[in-house]
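Visitor: Here is a sequence together with a model predicted from it:
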Amino acid sequence: MEKKDQRVSAQINRPKIEDVLNDQVLRQSFTEFLQSTHCAENLLFYDVAQEYLTIQDPNIRKGAYDRIMADFFTNGSVHEVDISDAQLQDLRLYSTHPEVRTFWRIQSDVLLMLSFDCLPRFLLSENYLSLHEEPSSRSPTTIRQLFIKREPKSPTKDLRRTYQNKLLVNLKKNLTSSVR
């Protein structure tokens with residue numbers, strides 16, 4: 001009966017996807033949930049696409065486009081995001097001159113999927129419900145994790161940071177070789 005009360009309470013105070021993505025503790029828990037359900041590549045793509053929107057230099061954008069296509073939209077890639085053939089064909093139209101908003105439509109679709117598929121399942125999961133346990137029933141580690149303001153160790157964040165570093169190194173190599 002207690003679990004049912006927790007679930008009802010969680011649904012009444014249901015956070016939106018923006019709340020989860022902007023809150024350090026919720027995002028960490030959501031990331032762990034996505035990893036356990038083999039959906040973490042969607043959040044990783046969303047984050048990388050957000051960063052892609054900030055690239056103004058066309059040469060850097062072209063390199064980023066190529067890397068994103070290889071990492072997320074090539075069959076068998078490590079972080080393959082599932083999109084339709086029509087969406088893939090649309091993306092390929094930008095291969096010679098990628099625009100700032102090239103990935104915007106797919107990023108929006110991924111955000112909708114995270115919002116309407118993954119988030120409701122997350123809100124019913126132990127990952128989320130454990131955040132709402134009574135403080136006396138939490139382990140000391142959990143209490144520390146919730147109240148100490150530090151950046152959580154996030155495998156998705158680590159993947160994103162590694163991806164960003166590789167992307168920057170490759171872009172710098174490409175730019176220096178094209179200047180020569």
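Guide: Thanks, I have the structure now.

Visitor: ok, which stretches of this protein are helices?
Guide: Along the chain, the segments classed as helices by DSSP state H run 2-12, 17-22, 24-36, 40-52, 58-72, 85-92, 104-113, 119-123, 126-129, 140-147, 155-179.

Visitor: looking at those, which one has the lowest mean pLDDT?
Guide: Mean pLDDT is lowest for helix 140-147 among the helices of the chain, at a mean of 43.

Visitor: Could you pull up the contacting residues of residue 53?
Guide: Listed by CB atoms under 8 Å, 6 or more residues apart in numbering, the contact partners of residue 53 are 100, 101, 104. Where C-beta positions appear, they are placed from N, C-alpha and C, glycine not excepted.

Visitor: ok, now residue 23?
Guide: Residues near residue 23 by CB under 8 Å, 6+ apart: residue 15.

Visitor: how much space between it and residue 105?
Guide: From residue 23 across to residue 105, the span is 27 Å (CB to CB, to the nearest Å).

Visitor: what does residue 127 give?
Guide: Separation of residue 127 from residue 105 (CB to CB): 29 Å.

Visitor: neighbour count winner among the two?
Guide: residue 127 (21 against 13; other CB atoms under 10 Å).

Visitor: Make sure that one is actually in contact with residue 33.
Guide: Yes: using CB atoms under 8 Å, residue 127 is in contact with residue 33, at 4.3 Å.

Visitor: how deep is the residue nearest to residue 77 when sequence neighbours are not counted tucked in, by neighbour count?
Guide: Closest residue to residue 77 apart from its sequence neighbours, by CB to CB, 6 or more residues apart in numbering: residue 71 at 5.7 Å. Using other CB under 10 Å as the criterion, residue 71 is surrounded by 20 other residues.

Visitor: show me what contacts residue 71?
Guide: 48, 77, 78, 79, 163.

Visitor: Out of those, who's the most crowded?
Guide: residue 48 (22 neighbours).

Visitor: Look up how far residue 120 lies from that residue.
Guide: As judged by CB to CB, residue 48 and residue 120 stand 24 Å apart.

Visitor: swap in residue 51?
Guide: For residue 51, the distance to residue 120 - CB to CB - is 27 Å.

Visitor: again, but for residue 68
Guide: 28 Å.

Visitor: Which one's more surrounded, those two?
Guide: residue 68 (24 against 12).

Visitor: surely that one meets residue 51?
Guide: No: using CB under 8 Å, residue 68 is not in contact with residue 51; the gap is 9.8 Å.
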